[in-house]
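Trainee: Take this sequence and fold it.
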Amino acid sequence: MGKYWGYKKYKDSGIEWLGEIPEHWEVKRLKQVTKLIDGDRGKNYPSENDFQDEGIPFLSTENIKSNTLDFSPRTKFITLEKFECLSRGKLIQNDLVVTMRGTIGQTALFSKVPYQTAFINAQMIIARPTNIFPEFLKYISMSVLWAKQLDFYSYGTAQQQLSGAILGILRLALPPLDEQKVIARFLDHKTKQIDDLIAKKEALIEKLDEKRTALISHAVTKGLDPNVPMKDSGIEWLGEIPKHWSITRLRFLVSKIEQGWSPSCHNYQAEEDEWGVLKVGCVNGTKFDFNENKLLPYDLEPKIQYEINDGDILMSRANTKELLGSAAIVINPRKKLLLCDKLYRLSAKNTINNKYLVQLLRSSIARFQYERDATGASGSMQNIGQDTIKNLIIQLPSLIEQQEIANFLDRKAVEIDIQKAKIQEAIERLKEYRTALITNAVTGKIDVRQVPLP
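Mentor: All right, here's what the predicted structure looks like:
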């Protein structure tokens, strides 16, 4: 990625965690170089009834992803008339948006976006540059320098919080304005190179996930023997299956389908000795994740009939389109956990192997049936009813062959997981390098003024 040298002369910044800075740099507080603006929280603050499908964006923390503003289909909007009733919290070009609650200190620059303005919600604040180059401020907010101070000054236990007063006292190492622009331009170029590499590696992970799905779908529709005689299944979208397999529906292979409980829970995990209610994300991966749970309040008696056990088959009945019907077998739950209402628990009969059934539920053949019969808007949470699950078309080989297919897919899953882990490790190293490069550049540890750029 290149080798960079420091400045010729340094001085003590007077701040222990910052150390020395270039001799001609200054240390200033954020409030000295920006105007901090919170939103209008008065009687005109937008409510659910004010939201529209288009108009002026009403930004929430969900709109900030990887230090950029994401105007996804879930973005809320308010009318121009409602916007004009608000006194402050209105964005202009080159404002820095900062999150103040929950995941604090996440930032994005309101620049190069498809909107002229927007309004921030109550969990955000605007840092409007006055004596600092906006792009340089953006990179400061992506540095370890920024994160360390936020970690030190934030307050709150269940949910971290900041205040405008605290944000204003954050210390920044500042070069002259022209130099800020040079550093920002250097970081634009270098972070794009790094991000392009990360994107390529993330694409490899997506391809491995597609490979896994293709392997599952092929194995549960064609079997493992490429030379086995085939027959027409009689179902257009299923095509041919091995001649000795049968076709049935899931209702004949399970004795029970249970839907879980929906109590109001605390928005944090249960400890080992506490009762937790599973979240739908517990089946979103390739394995059951017992950490995806919320704490059941102590004043609520757990409904023991919904306690999950080792070996239970769980699948999501309500999820995003991409994750609808995700399934997993409970292995070593390690906690006192209860089934939530967004999950089904399936009790399989002895005519179908549990692992084979889960692979079937994850296959593209099953997904086609979920999506065809799901209710709910395609851009948000979708639902599959018990009738859809009971009527799923199932391709059924012998129990011995089911076990062979399940074992084969387990082995392939391990191989793919190892490949993905190596790629993910490389991605994390690239992200660490990017953060270190940004931090070193915005604190003057490296001098990038003479680095040639295309």
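Trainee: for the longest helix seen in the chain, packing partners?
Mentor: If you go by DSSP state H, the chain has its longest helix at helix 177-222. Packing partners of helix 177-222 (3 or more C-beta pairs under 8 Å, 6 or more residues apart in numbering; DSSP states H and E): helix 134-140, strand 240-242, helix 354-362, helix 364-373, helix 399-442. Yep, even glycine has a C-beta here, placed from its N, CA and C like the rest.
Trainee: Would you check that Glu371 makes contact with Lys321?
Mentor: Yes - checked against C-beta atoms under 8 Å, the pair Glu371 and Lys321 is within contact range at 6.7 Å.
Trainee: Pull up the overlap in contacts between those two.
Mentor: Counting by C-beta atoms under 8 Å, 6 or more residues apart in numbering, the residues touching both Glu371 and Lys321 are Gln382.
Trainee: follow-up on the earlier one: for the longest helix of the chain, what is the average pLDDT?
Mentor: Averaged over helix 177-222, pLDDT sits at 96.
Trainee: Give me the angle between it and helix 399-442.
Mentor: Counting by axes from the mean of the first three to the mean of the last three C-alpha atoms, to 10 degrees, helix 177-222 lies at 180 degrees to helix 399-442.
Trainee: What count of nearby residues applies to the nearest residue to Thr443 once chain neighbours are set aside?
Mentor: In space, and not counting its chain neighbours, Thr443 is closest to Ala173: 5.0 Å by C-beta to C-beta, 6 or more residues apart in numbering. Around Ala173 sit 22 other residues, with neighbours defined as other C-beta atoms under 10 Å.
Trainee: Glu179 too?
Mentor: 19.
Trainee: contacts for stretch 175-195?
Mentor: Under the criterion C-beta under 8 Å, 6+ apart, residues 1-2, 22, 24-25, 132-133, 135-136, 138-139, 174, 430, 433-434, 437-438, 441-442, 444, 448-449, 451, 453-454 lie in contact with stretch 175-195.
Trainee: got the buried residues for that stretch?
Mentor: For stretch 175-195, the neighbour count (16 or more other C-beta atoms under 10 Å) marks Pro175, Glu179, Gln180, Val182, Ile183, Ala184, Arg185, Phe186, Leu187, Lys190, Thr191, Ile194 as buried.
Trainee: any idea how the protein splits into domains?
Mentor: 1-10+176-227+400-454, 26-174, 246-396 (automatic domain parsing).
Trainee: hang on, the earlier thing: give me the element the residue nearest to Thr443 is part of.
Mentor: strand 171-174 (DSSP states H and E).
Trainee: still on that earlier bit, PyMOL command to pick out the buried ones of the contacts of stretch 175-195?
Mentor: Those of those that count as buried under 16+ other C-beta under 10 Å are selected in PyMOL with:
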select buried, resi 22+25+132+133+135+136+138+139+174+430+434+437+438+441+442+444+448+451
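Trainee: Just say helix, strand or coil for Asp151.
Mentor: Classification of Asp151 using DSSP: H, G, I helix; E, B strand; the rest coil returns helix.
Trainee: follow-up on the earlier one: partner strands of the strand holding Ala173, parallel or antiparallel?
Mentor: Paired neighbours of strand 171-174 in the sheet (DSSP bridges): strand 26-29 (antiparallel).
Trainee: Quick one: mean pLDDT over the helix or strand following the partner strand.
Mentor: Sequence-wise, the next helix or strand downstream of strand 26-29 (DSSP H and E) is helix 30-33. Helix 30-33 carries an average pLDDT of 97.
Trainee: cool, and stretch 115-128?
Mentor: For stretch 115-128, the mean pLDDT works out to 94.
Trainee: before we move on, the earlier item: quick one: the helices and strands packed on helix 177-222 as a markdown table, columns for mean pLDDT and distance to Arg249 too.
Mentor: Formatted as a markdown table, the helices and strands packed on helix 177-222 follow (pLDDT from 0 to 100; distance: least, C-beta to C-beta, whole Å):
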| stretch | mean pLDDT | distance to Arg249 |
| --- | --- | --- |
| helix 134-140 | 98 | 56 |
| strand 240-242 | 96 | 15 |
| helix 354-362 | 95 | 12 |
| helix 364-373 | 90 | 11 |
| helix 399-442 | 97 | 17 |
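Trainee: Select, out of those, the one closest to Ala327.
Mentor: Counting by C-beta to C-beta, Ala327 lies closest to helix 354-362 out of the helices and strands packed on helix 177-222; the figure is 3.9 Å.
Trainee: what would the helices and strands packed on helix 177-222 look like in a markdown table with distance to Met381?
Mentor: As requested, the helices and strands packed on helix 177-222 are arranged in a markdown table below (distance: least, C-beta to C-beta, whole Å):
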| stretch | distance to Met381 |
| --- | --- |
| helix 134-140 | 33 |
| strand 240-242 | 33 |
| helix 354-362 | 19 |
| helix 364-373 | 13 |
| helix 399-442 | 27 |
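Trainee: out of the ones you listed, which comes closest to Ala219?
Mentor: Evaluated with C-beta to C-beta, the helices and strands packed on helix 177-222 place helix 399-442 nearest to Ala219, the distance being 5.0 Å.
Trainee: Tell me what angle that closest one forms with helix 354-362.
Mentor: Here helix 399-442 runs at an angle of 60 degrees relative to helix 354-362 (the same axes, to 10 degrees).
Trainee: How far away from the center of its chain is helix 399-442?
Mentor: Here helix 399-442 is found 16 Å from its chain centre; the criterion is C-alpha atoms, centre = their mean, to the nearest Å.
Trainee: Any idea what the residue nearest the centre of the chain is bridged to?
Mentor: The residue lying closest to the centre of the chain (C-alpha atoms, centre = their mean) is Lys65, at 8.8 Å. Listed beta-bridge partners, Lys65: Thr68 (assigned using DSSP bridges).
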